[in-house]
Structure formats: C-alpha cells, structure tokens
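Visitor: Return a 3D structure for these sequence lines:
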Amino acid sequence: MPRRVVAERPVFLSTAPAERGDHRLALVVVILSLLVFLSLAPFAGQPLRQVWAFIPIYESAITISDFITAAIFFIQYKILRSRALLTLACGYLFTAMMVIPHVLTFPGVFSPTGLLGAGSQSTAWLYMFWHAGLPITVISYALLKGRSDEIGPPTESVRRTLLACAGAVVSAAAALTLLATTGEALLPNLMAGHKSAAEELVVILIIWTLTLVALLILWRRPAHTVLDVWLMVVMCAWLFDVALSAVLNTGRFDLGFYAGRAYGLLASTFVLVILLLETGTLYAQLARLFEVEHAALRQEAEERRRIFETSLDLILVVDREGTILRVSPSSQAILDYEPADMIGRSAAQFVHPDDLDDIRDEMHRAQLGHLIRDFATRYVHNDGRVVTLAWSGVWSEPEQRHFFIGRDVTEQKRIERMKDEFIATVSHELRTPVTSIAGPIGLLAGGAAGALPESVKRFVTMAHSNCNRLVQLLNDILDLETIESGRMTLNFQRVGVKRLVEQAIEATRDLAEKYGVAVRLDADAVDVFARTDSKRLVQVLTNLLSNAVKFSRPDEEAVISIEMRDDHVRITVRDCGPGIPEEFKSLIFEKFAQIDATDARQKGGVGLGLSVVRQIMIRLGGSVGHTAASSGGTIFHVDVPLWTDESISEQTSDAQDRLPGQLDPRLIGGSAA
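Guide: Numbers count the residues shown, from 1 in each chain. I've put the predicted structure just below:
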C-alpha cells in the first residue's frame, strides 16, 4: 500500500488518485483469484460434508464487515458531502441488511424450513436480491463520481439525508424480504429441492450483466481513485462468487457452494481491509506530524524565549486596561527597572505625563486594527531622566493583549536635534552668504564692471562656477533633509503635464546653449492632466533635463516626450551621452553617486540630484527609472498618476500610512536602486 502524505495528498480512498502500486497490487489479487477460480471450477459440483454452522458464521462475518464499511462511507460522506459515496454506503448497508433475512430463512440452520415464514424459494431469491444490490449501487457510484452535482450544497442537512437514506435502504430490504417470503408465489422457482432450476440461470445472467457493467464503467473512468481500483477487484470477486455458488455447483454444500461463499466474504472485506489500512497509515502519519509539529513548537517557543530574554529592545505585553503582564529583562538596562518591578502595574506609571494621551490614542487605534509603527514616546527612567522609546506594536483580539517592542532612540533623537541645528546653520549661516557672494562674482564674470584681464577673468569664472556648485550642493542637502524628515509640503492639483514640461525646457535653455545641446519636446507628446505638485514635478524634470544636457555631446539633442500608460502618464527624457555603465545602474539613485568624479566636477554635478528626484517622485505617488536607449545614451522616465477620483483617494491613503523616509517598493518603477 503506497504511503500518502497528510496535507499534501488526499487522505480518503474516494479522493486519493490511484498510484502504480495500487494498480499492481489489485491486479495481483485479481490474477490470484482467477487462478484459484479456474482450479476450483472443474470440481465445483463435488459434494462435501454439510457443515451447518458455516452458514451463520460466514454470513455474520459478511454482515459485520458490510455494516462497518457502510458506517465508514457514511462518515466520509458527512465530511466530503459526496453523493457518490452516499450511494456506495447505501449499497453496503443494503447487502448487510439482506444477509440477515437470508441466514434466517436458510433451511436447516434455525429450523428445517427456515424462519420468517420462508418457503422453498425464499433463500434463493434473497441471495439474488443481495447479489444484485451491490453492482447497482456501484454503477450509481461510478456515474455520480466527478459530476458537477456530486457534492451536495452546504445548506443540505447531513443528518436528515443520512436518516432518509438509511430508512430507504431498510424499507427496501424489508420489502424484498417480504416479497421473497410471504410473496414467494409471485416469483419464479429458482430451486428444485437442493438443485438449481432453469429459471435461476436467467436471474444469474442479469446479476452477471450488472456486475460486468459496473466493472466496465469503473474501468473507463478517466482517473481512477484507490476506491475505484478496489471496487473493480470486488466486482471480479462478485463474478467468481456467483459463478461458483449458483452456476457451476450442483447443489448446496458442494465445493462450489463453499468456495463461492469464500469469494463473497473476500469481496465483502476487500474494501474494508483497505479502508482500515489507510486509516492506520493516516493515523501513523498524523502521529508523526503531530510529533514533528510539537517539536517545532517547542523549538519556536524556546527561540521566542531566548529572543525575549536577550533582546536589547524593551518588549512589553499589556492588557486592554494598560496593565503590564510581561516585561523583557532589557527593562533593567533601558529604564533601570527589574521586570518584577513593572509587572502588574499600569504602563501609565512609567510614561512621561505629557505623552499619556498620545499613547492612549495609539492603543485605541491598535484595538481598531491599526498597526503601531515607530511611535515615539517618552518614558521616565528610574533616576528621573527622560528616555525616548520608538514603539512598534499590535493588538491581539483573541488574547485581548497588546504586544509592544520599544527601541531606545534617546541618542538618535539627540543626534537628530544636532542635525536639525546643523541644517539650520547651513540654511541661515552658509547658504545666504554663499548666494550673496555668487551674485556679484557672476556680474563680474559677465562683464558688468567692464572687461577684466584674461588672467583675472579665468579666476573669477572659476570662483563663480564653484560658488554655483556649492549653492547647488546646499540646496540639494536641504531638499533631502526636508523630504526625509517629512516636512515637505505638497500641493496636489490638476495640472497640464505639457505645460510643466515646457516650463522645465525653458528653465534649462541657458544651460543647453552653454553646452551646445538642443532640447526639444517630441512632436507626438500628448497633453494630459495629472494629479501632482507642479512645483516639485518641474524640479524633477529640470534636474533630469540638466543631466541630459550636461552628458550629451555637443550638437546633439535631448528629447522629452509624454505618453499615456494605463492609469498614469509617463514623461521620458532621452540624452545622447555615453550611457550608464552596467555596474553603476543599481547605484544611480543613491546619495552622492557619481559615475566618474573627475567628469562630475567638469559637469558641475554633486551626486545628489537623482536621489532628490527619486525621493520627490515617491512623495508624489509616482516612480522614476531608466533604460538604455537603443541609439546610445540613456532614457530616464517618471510616471505620474493621472487625474482620477480613484487615484486621489488611494494616494492620500498611501501618503498618510507611509512613514517619513520609508520607501514603497511599488513606486521605484524601473529603478534598480
């Protein structure tokens, strides 16, 4: 019997696909049964000793076997709701019910003429009814199997259906028993004393035909299950049973009589044995899986315990009222409290008073299904100083508990304050003087104070260029800081994309003339409306156009185009430069990324422009990427959402849920960053 893996393969005989081993084993059983049948057939009429106890023992075994088989199939129907299985269960229940009156009416077992008012033909007819019932139900099973209506609806009452079917089977068995006993005169004679009458052959041919039809229908099914294979074995044994018991023998208690009933017992127990073997195999697999799962759970619990006990972050488990249930040992290092000092107390006793309302609001939101992510709260250290913890947490409804992980970000906050102070210094104490210096130097370089000596003019021009680079660097640093700190304000409006592109082209006109590169808008560019911040999008396009101009060869051109793409508009900028080296493509949007530092200085780049572009596009709900142009150079593209009601609500929700500095990988587009 092939092993079947629980949860990976079907575990019922009626649903498990038959494997090669199932077919081989069934074929061996059929061949052995056929060889035994052929060896017994010539001697089927040989009289043997009359063992009257054989009949009740044999038929009791069949009754018990068929009742158990029917019960298993009824249970499987309750699970699978397969009407084919229900039909087969009814067939086995019918054979079990018919065996009972057959043994009771058998002459000489309990009385000379049999019980239940049996006549001389009653036992023979009950045998025929019994042996016709199972092939009919097997035919019904095979025809129902795989049909669209095989599975009963969920609303169908299983209990009512089982009671109705069992009642129908019992009623049918009782009616046929009544017909074979009280109504015996209505039926043809099948027995002449202990010998078979001629009419019996007609009835046997009908039973054989039903059995062969059942065997053929099962064989022609496109995909055999394990149950199909063993039902075919049962039908073969059924043929041998009827042939030896009712055709080849000459009367009761001869070799054919005993051998045929042995085949009948085998036919009755084949499916039951396979069911029990499968059940045993399933139980063994379940036991192994349970042990493996139990070991995995123990290992997982141990890993969680170690994480809990060794975590540098503070782990809290809090109930709905805010009472602390569990605390990680890291509380000693972070707040100078032992876990025992905190367990059982309200978390509010350790929170800074000014943050109590905020953390209560967050806990309420968590109970409504929201995740707590990077929520900073001030706690009071045991020595009185303030410790800032950044919390992540979730609410478990089944357990009615909050699970929090808090990281000490006190030092990080201090560094952020220092950075803010530095940025303020850069903005107010450095950018303003540099800008004021760049202006006069630019006037001198442009000849506003008259012609300068060539040696002086070269130094003035160099100073002006370096001042411009420094201003650009300061502006990019301030832009990145504004974006990553979440202080960038965006004014989303319905704007015409073509108009913004024309503004960007105009903004880079002087630079294009300086480098001798033409900038043009593609003639096929469409004019559509996008939902974006026009100022920031112009900043992005100007940056991309400036790069295209700087890295294109003189007398070449930079082309910008606009096209529709599903729910967004794509703006592309193509240059005629040397392209991006393969090893640099994944770094192109990183901060201070430069292909060649020497060339970057000549072009006036500082390596922050494309990083600013990506950050802005993420905040605009779009994306930025690049591809190599087939004719040489590089094509940068930005995707901007179209103006639609759906995009408005989705982008607003995304903007609210995303943390400052957190990147949404869907928005990176073709970028390899």
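Visitor: which residues sit in contact with Leu545?
Guide: Ala504, Ile505, Ala507, Thr508, Val519, Ala558, Ile560, Val573 (C-beta atoms under 8 Å, 6 or more residues apart in numbering). C-beta coordinates here come from the backbone N, C-alpha and C atoms, glycine included.
Visitor: what's the spacing between the strand or helix carrying it and its chain's center?
Guide: If you go by DSSP states H and E, Leu545 is part of helix 534-551. Relative to its chain's centre, helix 534-551 lies at 43 Å (C-alpha atoms, centre = their mean, to the nearest Å).
Visitor: What strands line up against whatever helix or strand comes next after it, and which way round?
Guide: Downstream of helix 534-551, the next assigned helix or strand under DSSP H and E is strand 557-565. Using DSSP bridges, strand 557-565 pairs in its sheet with strand 518-521 (parallel), strand 568-574 (antiparallel).
Visitor: out of those strands, which comes closest to Ala173?
Guide: Judged by C-beta to C-beta, the one of the strands paired with strand 557-565 that comes nearest to Ala173 is strand 568-574, at 72.3 Å.
Visitor: hmm, who's touching the closest one?
Guide: By C-beta under 8 Å, 6+ apart, the residues outside strand 568-574 that reach it are 497, 501, 526, 528, 530, 541, 544-545, 548, 558-564, 622, 629, 633-642.
Visitor: hang on, the earlier thing: got a quick ChimeraX command for the buried subset of the contacts of Leu545?
Guide: In ChimeraX, this line selects whichever of these come out buried by 16 or more other C-beta atoms under 10 Å:
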select :504,505,508,519,558,560,573
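Visitor: Nearest to Leu239 among the contacts of Leu545?
Guide: Once C-beta to C-beta is applied, the member of these that ends up nearest Leu239 is Val573, at 82.4 Å.
Visitor: nearest residue to that closest one other than its sequence neighbours?
Guide: Leaving aside its chain neighbours, Val573 sits nearest to Leu544 (4.4 Å; criterion: C-beta to C-beta, 6 or more residues apart in numbering).
Visitor: Could you export stretch 460-471 as PDB, CA atoms only?
Guide: Taking Å, rounded to 0.1, in the frame of the first residue of the first chain, the C-alpha atoms of stretch 460-471 are listed here in PDB:
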ATOM      1  CA  VAL A 460      36.600  85.000 -11.400                       C
ATOM      2  CA  THR A 461      34.900  82.400 -13.700                       C
ATOM      3  CA  MET A 462      36.300  79.600 -11.600                       C
ATOM      4  CA  ALA A 463      35.100  81.200  -8.400                       C
ATOM      5  CA  HIS A 464      31.700  81.700  -9.900                       C
ATOM      6  CA  SER A 465      31.400  78.100 -11.000                       C
ATOM      7  CA  ASN A 466      32.500  76.800  -7.600                       C
ATOM      8  CA  CYS A 467      30.000  79.100  -5.800                       C
ATOM      9  CA  ASN A 468      27.200  77.800  -8.000                       C
ATOM     10  CA  ARG A 469      28.200  74.200  -7.200                       C
ATOM     11  CA  LEU A 470      28.300  75.000  -3.500                       C
ATOM     12  CA  VAL A 471      24.800  76.600  -3.700                       C
END
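Visitor: Show me what the helix or strand harbouring Phe94 is packed against.
Guide: Using DSSP H and E, Phe94 maps to helix 83-105. Counting contacts by 3 or more C-beta pairs under 8 Å, 6 or more residues apart in numbering; DSSP states H and E, helix 83-105 is packed against helix 54-80, helix 122-144, helix 158-181.
Visitor: Those into JSON lines, with extra columns for mean pLDDT, mean neighbour count and distance to Glu411?
Guide: Below are these laid out as JSON lines (pLDDT from 0 to 100; neighbours: other C-beta atoms under 10 Å; distance: least, C-beta to C-beta, whole Å):
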{"stretch": "helix 54-80", "mean pLDDT": "89", "mean neighbour count": "18", "distance to Glu411": "60"}
{"stretch": "helix 122-144", "mean pLDDT": "90", "mean neighbour count": "23", "distance to Glu411": "72"}
{"stretch": "helix 158-181", "mean pLDDT": "92", "mean neighbour count": "16", "distance to Glu411": "65"}
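Visitor: Nearest to Glu278, out of those helices?
Guide: So among the helices and strands packed on helix 83-105, helix 54-80 is nearest, using C-beta to C-beta, at 10.0 Å.
Visitor: ok now do the residue nearest to Val573, which residues does it touch?
Guide: Here Leu544 is in contact with Val573, Val613, Phe636, Val638 (C-beta under 8 Å, 6+ apart).
Visitor: Pro578 contacts Phe551, correct?
Guide: Yes. Counting by C-beta atoms under 8 Å, Pro578 touches Phe551, with 7.2 Å between them.
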